[in-house]
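Undergrad: Kindly generate the corresponding structure for this input.
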Amino acid sequence: MINGRAIASGRVEGKVLVLNEDFSFLGGVDTATGELRVGEGGNISGKIFAFRRGKGSTVGSYTIFDLKSKGLAPVGIVNVTAETIVTTGAVIADIPLVDGIDIDVLCNGDRAILDGDTGTIELPDLELREVVTGIVRRGDSILLMRRSDEENHFPRRWGGASGSIEAGEGPEEAACRELREETQIDAHPVLIGVPFLVRGDGIIWRVHPVLFESEIEPTLNWEHCDYRWVSPAESAGMDTVPRLDEVLVRLGL
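TA: Down below sits the predicted model:
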């Protein structure tokens, strides 16, 4: 279950079609077939159509209503940020609309349940895991560790001290535990960042970024095979776990 913001009411189920750009219903779709004229194409008819934001002429609102009257409209709409044109079209065409959703975690063909009353989208075929990623700062450098071949997820990639939040734990407690287990560093968080969603290995991960400060050299357990102290800028050129850059941004690094 992913929480967003309710914009236009209604509850529907369908397959997701994702367009990773802003979109205008006027000119962006063939109103005789429902086929997209932009991006990688696809037919929006009967789909939960996810795109970043609406744009273009206000005639786009009536285009949505026209598609609905022909049976060619999407059954639901998901936006990162809803704007007036798409919102108006969704309301007059009675199409549920939710925004505030990171559409990067959605893939074409996902089975989804969209609820425009609660502002949620549910992906019943996917697992959501709550995890922490702890980053240790030493001066202007951060500690990155290379995951071992024994790791089930993202082996050989660079990242922080990461792991699942266990039952009864909060992000701070879980991050301290993972840091001790993986590095033998005992430290207290100096900052806990706002969590965000990442998709990888068929799982959606809710990542809770946590920042530590320590001068201690790590002693690695089996989960990692190497470590480096690097600048945040240097990490951009490394083969890291997905969205490590976002972890650093949310920790102000």
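
Undergrad: Next up, the contacts around residue 71.
TA: Neighbouring residues of residue 71 by CB atoms under 8 Å, 6 or more residues apart in numbering: residue 45. (Glycine included, C-beta is placed from N, CA and C.)

Undergrad: Likewise for residue 144?
TA: Taking CB under 8 Å, 6+ apart as the test, what residue 144 contacts is 158, 159, 160, 227, 228, 230, 235, 238, 240.

Undergrad: Looking at the record's assignment, how would you partition this structure?
TA: What automatic domain parsing lists as the domains of the chain is 2-122, 127-250.

Undergrad: and the longest one, how far from the chain's centre?
TA: So that's domain 127-250. Put simply, domain 127-250 sits 17 Å off its chain's centre (CA atoms, centre = their mean, to the nearest Å).

Undergrad: Could you do the first one as well?
TA: A distance of 18 Å separates the C-alpha centroid of domain 2-122 from that of its chain, computed with CA atoms, centre = their mean.

Undergrad: average pLDDT for that domain?
TA: Domain 2-122 carries an average pLDDT of 96.

Undergrad: start to end distance for it?
TA: The first and final residues of domain 2-122 sit 6 Å from each other (CA to CA, to the nearest Å).

Undergrad: same question, the longest one
TA: Length of domain 127-250, first residue to last, CA to CA: 24 Å.

Undergrad: Let me see the mean pLDDT of it.
TA: Domain 127-250 shows a mean pLDDT of 95.

Undergrad: Quote the end-to-end distance of stretch 15-31.
TA: Terminal residues of stretch 15-31 are spaced 20 Å apart (CA to CA).

Undergrad: leaving aside the residues next to it on the chain, what's closest to the spatially most central residue of the chain?
TA: What sits nearest the mean C-alpha location of the chain, by CA atoms, centre = their mean, is residue 197, with 3.6 Å. Distances taken as CB to CB, 6 or more residues apart in numbering place residue 105 nearest to residue 197, at 4.8 Å, with adjacent residues excluded.

Undergrad: And for residue 74?
TA: Of all residues not flanking residue 74 in the chain, residue 49 sits nearest, at 3.7 Å (CB to CB, 6+ apart).

Undergrad: Need the three-state assignment for residue 179.
TA: Using DSSP: H, G, I helix; E, B strand; the rest coil, the structure places residue 179 in helix.

Undergrad: Distance check, it against residue 123.
TA: 31 Å (CB to CB, to the nearest Å).

Undergrad: Tell me which of the two has more neighbours.
TA: More crowded of residue 179 and residue 123, by other CB atoms under 10 Å: residue 179, with 28 against 19.
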